[in-house]
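1. Need a 3D model of the sequence below.
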Amino acid sequence: MKRRRFLQATAAAPALLTGACTRQQTIPGSIVGAAASIGHRLRDLKALPAPTRTVKTDVLIAGAGIAGLAAARQLQRQGLEDFLILDLESQAGGNSASGSNRVSAYPWGAHYVPLPGRDCHEVLAFFEEIGLIQGHDAAGRPIYDELALCHDPHERLFIHGQWENGLQPLTGLTPREREEFAAFDAAIHHWQEKRAFTLPLDRSSRDPDLLALDRLTMEAWMHQQGWTTAPLRWYVDYACRDDFGGSLGQVSAWAGIHYFASRSGEAANATRGTVLTWPEGNGYLVKQLVSPLSSRLRTGSIVLHMQVAQGRTLTDVMQAATGEVIRYESRAALCALPRFIAQRLIPGLQPLALNYAPWVVTNLTLDELPPSPGVLPAWDSVIYQGPSLGYINATHQALTAVPQATVITHYEALCDLPPAQTRQWMQQQTHAQWTQRALTSLQAAHPDLARHVQQADVWLWGHGMIRPDPGFIWGPDRAAMLQQTPPLFYAHSDMSGMSLFEEAYTRGVLTAQAIRQWLA
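-> Numbers count the residues shown, from 1 in each chain. Just a heads-up that it's a prediction; the model follows:
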């Protein structure tokens, strides 16, 4: 740490420490999601209440996350109009949900999409249809809407007492550490060139040597390569927590490599590695999906039971607002719910012991982002060896260059304890404790951050995303999840083992095509 930075931090420390308890109690805000209490009503039911009436439709879609919305959109594009979409939450989007206040829109979960690669046909077509892709150059590379491409600077890392450009630690490395980073980057580049790892992941190489990586943890594989230095381990561990909610020692090596090697998308007007993002994160894409479907969307609907009887699907649903139970009778149904929920609702569905990563997301509304030494504020800011994943700046895509109020979205993957134990602990924490946790994790870079916070809102994701533990992606459990059983179909990113927009959207589209063909 530089002397000047040390003096700044030391001067701020007494006020921060002595005022922490008082300040955390006075920051307004609340814990706003997700609807765990409603979901627990389903879990705790002793007996299923009888439906009071029946509603008929051609297709019933349970779940309005990205997969369910993509399926509904595809059904509509194929000319099938008689369908309904049900969701537990008050808004559609799943973990792509978003919010807004007087300062800005902001994400509650997924906040970007990497440039789609050539294998991501369905997503590329969608982006063209909604105008994100505005044409192609002579080489066939997409021309993206400039407002959706992440503005510079993209990322910064707080290390050695100041912010540096990029997330990969570069300064102050020993020769051995530089050699390991170079070897890691070369391996990733090799796989990118071979397109061995791609999105959707089921279009990746089936080379047995590569599939065998799924049986190792990312940590074990790195040890095999002799890559043991702390900076590289931190960098790869950060990536695993960022995309999968699990540590280096918890995530499959195949999944860990896929995080880096699958990012091969190109653009005529952006460099490789650029991402698409919006103030509300992937909530922008949710809005594009929901817009033509809003009349068919029923939120606050708790799915109690799904079954097939005499060639038709029967779905019993409780209305959260009234407690009324409605039976939906349909020619086909799509379960676009997480597997841990689906196997409670559908008789005979094989119970699988899956791990879901708990997350906490805190949106801090600031009068301004306080200055901090080093490079300019970036879209994504991460603290080296910090306890969290850092924060996203919601107003980074704004065109104004003057200091302004903003919202920063602080992400933390809670992966230190077993998920079930963590979920119990999460329910015991107060709004003040979550707020202080976010402030403390950012203290090294922003020692006076608390003075600038106008509001703090918290979203608890008890089952934020499926975690790709070793053996799952290319193992028997996921293979069983991929089996469709008409007239009851399935589509969810759980079926990929990765909670990614590209996976959920593609599964929704392909399953809708299968439903349409089955109904024909």
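
2. What are the phi and psi values at the nearest residue to residue 384 once chain neighbours are set aside?
-> The shortest distance from residue 384 to any non-neighbouring residue, by Cβ to Cβ, 6 or more residues apart in numbering, is to residue 159 (4.0 Å). In short, each C-beta sits where N, CA and C put it, glycine included. Per-residue torsions, residue 159: phi -150, psi 150 (degrees, to the nearest 10).

3. Spit out the contact partners of residue 159.
-> 169, 171, 172, 384 (Cβ atoms under 8 Å, 6 or more residues apart in numbering).

4. ok, those vs residue 426, which is closest?
-> Nearest to residue 426 out of the contacts of residue 159 is residue 384 (Cβ to Cβ; 26.0 Å).

5. Does the closest one touch residue 230 like I think?
-> No. Using Cβ atoms under 8 Å, residue 384 makes no contact with residue 230, being 10.2 Å away.

6. of the two, who's got more company?
-> When neighbours are counted by other Cβ atoms under 10 Å, residue 384 and residue 230 differ, and residue 384 comes out ahead with 18 against 10.

7. Tell me which stretches of the stretch 201-350 of the chain form helices.
-> 208-211, 218-225, 230-244, 253-261, 283-290, 339-345 (DSSP state H, counting those that start in this stretch).

8. again, but for the stretch 51-200 of the chain
-> 66-77, 121-129, 175-194.

9. Tell me where the stretch 401-520 of the chain has helices.
-> Using DSSP H, counting those that start in this stretch, helices in the stretch 401-520 of the chain cover 419-426, 431-441, 476-481, 501-519.

10. got the contact list for the most centrally placed residue in the chain?
-> By Cα atoms, centre = their mean, the chain has its centre lying nearest to residue 110, at 3.7 Å. Listed by Cβ under 8 Å, 6+ apart, the contact set of residue 110 reads 95, 96, 281, 282, 499, 501.

11. can you rerun that using 10 Å?
-> 66, 93-98, 281-283, 285-286, 465, 499-501, 504 (Cβ atoms under 10 Å, 6 or more residues apart in numbering).

12. quick one, which of the helices of the stretch 401-520 of the chain is nearest to residue 187?
-> Using Cβ to Cβ, the nearest of the helices of the stretch 401-520 of the chain to residue 187 is helix 501-519, at 22.7 Å.

13. Mean confidence (pLDDT) on the closest one, please.
-> For helix 501-519, the mean pLDDT works out to 98.

14. Report the buried residues of it.
-> By 16 or more other Cβ atoms under 10 Å, the buried positions in helix 501-519 come out as 501-512, 514-516.

15. And for stretch 398-414?
-> 405, 406, 407, 408, 409, 410, 411, 412, 413, 414.

16. From residue 78, how far out is the closest residue to residue 82 other than its chain neighbours?
-> The spatial neighbour of residue 82 that comes closest, neighbours along the chain excluded (Cβ to Cβ, 6+ apart), is residue 58 at 3.9 Å. Using Cβ to Cβ, to the nearest Å, residue 58 is found at 12 Å from residue 78.

17. joint contacts of the two?
-> 515, 519.

18. lowest-pLDDT helix or strand in this protein?
-> helix 3-26 (a mean of 41; mean pLDDT, DSSP states H and E).

19. Run a quick check on residue 128 versus residue 122, I expect a contact.
-> No. Counting by Cβ atoms under 10 Å, residue 128 stays clear of residue 122, with 11.0 Å between them.

20. between the two, which one's more packed in?
-> When residue 128 and residue 122 are compared for neighbours, residue 122 comes out ahead with 20 against 14, by other Cβ under 10 Å.

21. residue contacts, the more buried one?
-> Contacts of residue 122 (Cβ under 10 Å, 6+ apart): 70, 74, 116, 200, 502, 505, 506, 507, 508, 509, 510, 513.

22. Next, format these as JSON lines and append distance to residue 53.
-> Formatted as JSON lines, the contacts of residue 122 follow (distance: Cβ to Cβ, whole Å):
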{"residue": "70", "distance to residue 53": "30"}
{"residue": "74", "distance to residue 53": "29"}
{"residue": "116", "distance to residue 53": "43"}
{"residue": "200", "distance to residue 53": "39"}
{"residue": "502", "distance to residue 53": "39"}
{"residue": "505", "distance to residue 53": "34"}
{"residue": "506", "distance to residue 53": "36"}
{"residue": "507", "distance to residue 53": "32"}
{"residue": "508", "distance to residue 53": "29"}
{"residue": "509", "distance to residue 53": "32"}
{"residue": "510", "distance to residue 53": "33"}
{"residue": "513", "distance to residue 53": "32"}
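
23. returning to what we had before: any idea how far the residue nearest to the centre of the chain is from residue 31?
-> Residue 110 is 20 Å from residue 31, by Cβ to Cβ.

24. helix or strand for residue 358, which one?
-> In the assignment (DSSP states H and E), residue 358 maps to strand 356-366.

25. what's the following helix or strand after that strand?
-> strand 380-383.

26. Centre of the chain to that next one, how far?
-> Remark: strand 380-383 is offset 17 Å from the chain centroid, using Cα atoms, centre = their mean, to the nearest Å.

27. tell me the average confidence for it?
-> 98.

28. From the contact counts, what lies against it?
-> strand 155-159, strand 162-165, helix 230-244, strand 391-393, strand 406-413 (3 or more Cβ pairs under 10 Å, 6 or more residues apart in numbering; DSSP states H and E).

29. Could you export the ones you listed as TSV, including distance to residue 495?
-> Formatted as TSV, the helices and strands packed on strand 380-383 follow (distance: least, Cβ to Cβ, whole Å):
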stretch	distance to residue 495
strand 155-159	30
strand 162-165	37
helix 230-244	15
strand 391-393	27
strand 406-413	21
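
30. quick one: residue 484 and residue 513 touch, right?
-> No. Using Cβ under 10 Å as the test, residue 484 is too far from residue 513 to be in contact (11.5 Å).

31. May I have the phi/psi pair for the closest residue to residue 480 other than its chain neighbours?
-> Setting aside the residues directly before and after it, residue 480 is nearest to residue 350 in space (Cβ to Cβ, 6+ apart), at 5.8 Å. The phi and psi torsions at residue 350 (degrees, to the nearest 10) take the values phi -60, psi 120.

32. Now do the same contact list for residue 350.
-> By Cβ under 10 Å, 6+ apart, residue 350 lies in contact with 339, 343, 477, 480, 481, 483.

33. What is the neighbour count of the first one?
-> Under the neighbour criterion other Cβ under 10 Å, residue 339 is assigned a count of 22.

34. pretty sure it is touching residue 499, no?
-> No. Assessed by Cβ under 10 Å, residue 339 is found out of contact with residue 499, at 11.9 Å.

35. Mutual contacts of the two, please.
-> The contact sets of residue 339 and residue 499 overlap at 356, 466, 492 (Cβ under 10 Å, 6+ apart).

36. Let me know the closest of those residues to residue 327.
-> Closest to residue 327, out of all of the shared contacts of residue 339 and residue 499 and judged by Cβ to Cβ, is residue 492, at 23.1 Å.
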